[in-house]
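In: here is my input, please return the structure:
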Amino acid sequence: MKRTLVALAAVALIAAPAADVGAWGATGHRLIAVAAMRALPDEVPAFLRTTEAATEVGELTREPDRWKGGPRTHARERDTAHFIDFDDNGYVLTPQGPHIDAMPELRSEYEAALTRAGLNVDTAGWLYYALIDGWQQLVRDFAYWRVLNAAEARETDPGKRAWYAEDRRRREALLIRDLGVWSHYVGDASQPLHTSIHYNGWDGDTPNPEGFTRSRRTHGLFEGAYVRGVARLDLVEAAMPAADLGEAAIERRTARYLDQGVAQVTPFYRLERDGAFAEGDPRGGAFAVQRLGAGAGELRDLIVLAWRESAGARIGWPAVAVAEVEAGTADPWDALIGTD
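Out: Prediction:
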């Protein structure tokens, strides 16, 4: 019954008019987020496996696109998070840029490397770091939730127990917000044109032996209305790959995920050249749904991995270990309420 209600809610949402399009437009991003949330396994906290959580994340995933168009400072920090442009050999922009398998640890180091190479982050994008930062924030959120949940269950003082319960509810709302916003970038990375220098027609400064389009309308024609016309929640769910939780290191996993998107750039342009995105041609629809499914599958897996990672975290000040609080060997009150 729960899954049926989620499906009905998602269908109602997806029927709404699309807003300003991003990597997938409103429809695609909602589909990725809702499909991932519906597929979460039982090990993830129950409050995330509800109709309400799936619907909320499905709406919040649109936020980064709704932020667009702000003043320069705001836009500089946010708009360039939606993409990262690798060349055909996996280097950011040019062979002088960082390689997908050797990205600097910090975004500041990345920007410095681009500057030394005479490149600019406004052109290059920093989606790689948006993915990692959002996942690490989710780990922190989960860690606090674990501690609050365990402390609430054991606390015998009525006043403290009430505060734990209230703070747990706040953490759940914050966690869904953080998850919803970050899920947008996970969706962005499944759209091949958000991972390539060929983001809007084949780049004019590179060889084009297969005669791909150089039209500057390519990106916009694929997103938004096209996806809304070919994708449905049941199709995306069917296209989701089986769970893959073997690679837990977020830096390596992020590079692998982006590389999978880069690998689909040439197939996309071949389909475009051959007319596969014309109305009624099943090839284009199958490609779009496959990429949406890939995004939903990765989002599902990254949520599970963040939950598992949070078990080994330390939170608060003075810091307490999550594992010790869950085992009942540490009291987190001072770390959570704050001792100033």
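In: buried residues in stretch 203-219?
Out: Using 16 or more other Cβ atoms under 10 Å as the test for burial, stretch 203-219 gives 203, 212-213, 218-219. Quick note: C-beta positions are derived from backbone N, CA and C, even for glycine.
In: okay, residue 1: pLDDT?
Out: Per-residue pLDDT puts residue 1 at 43.
In: please shift the residue numbers so they start at 784 in all later answers.
Out: Okay, using 784 as the starting number, the last item reads as residue 784.
In: would you list the phi and psi of residue 982?
Out: Main-chain torsions, residue 982, degrees, to the nearest 10: phi -80, psi -20.
In: distance of the closest residue to it other than its chain neighbours relative to residue 840?
Out: Distances taken as Cβ to Cβ, 6 or more residues apart in numbering place residue 976 nearest to residue 982, at 4.7 Å, with adjacent residues excluded. Per Cβ to Cβ, to the nearest Å, residue 976 is found 24 Å from residue 840.
In: do residue 925 as well
Out: In terms of Cβ to Cβ, residue 925 sits 15 Å off from residue 840.
In: residue 928 too?
Out: From residue 928 to residue 840 the distance is 15 Å (Cβ to Cβ).
In: just the helices in the stretch 834-983 of the chain please.
Out: Taking DSSP state H, counting those that start in this stretch as the test, the helices found in the stretch 834-983 of the chain are 834-843, 846-849, 855-861, 890-899, 904-907, 910-937, 941-972.
In: ok, back up a step: more neighbours: residue 976 and residue 840, which one.
Out: residue 840 (25 against 22; other Cβ atoms under 10 Å).
In: ok, the nearest residue to that one once chain neighbours are set aside - contacts?
Out: Nearest residue to residue 840 in three dimensions, chain neighbours excluded: residue 963, at 4.4 Å (Cβ to Cβ, 6+ apart). Listed by Cβ atoms under 8 Å, 6 or more residues apart in numbering, the contact set of residue 963 reads 816, 839-844, 846.
In: and stretch 1070-1080, how far from the chain's centre?
Out: From the chain centre to the centre of stretch 1070-1080 is a distance of 13 Å (Cα atoms, centre = their mean, to the nearest Å).
In: alright, calling it a day.
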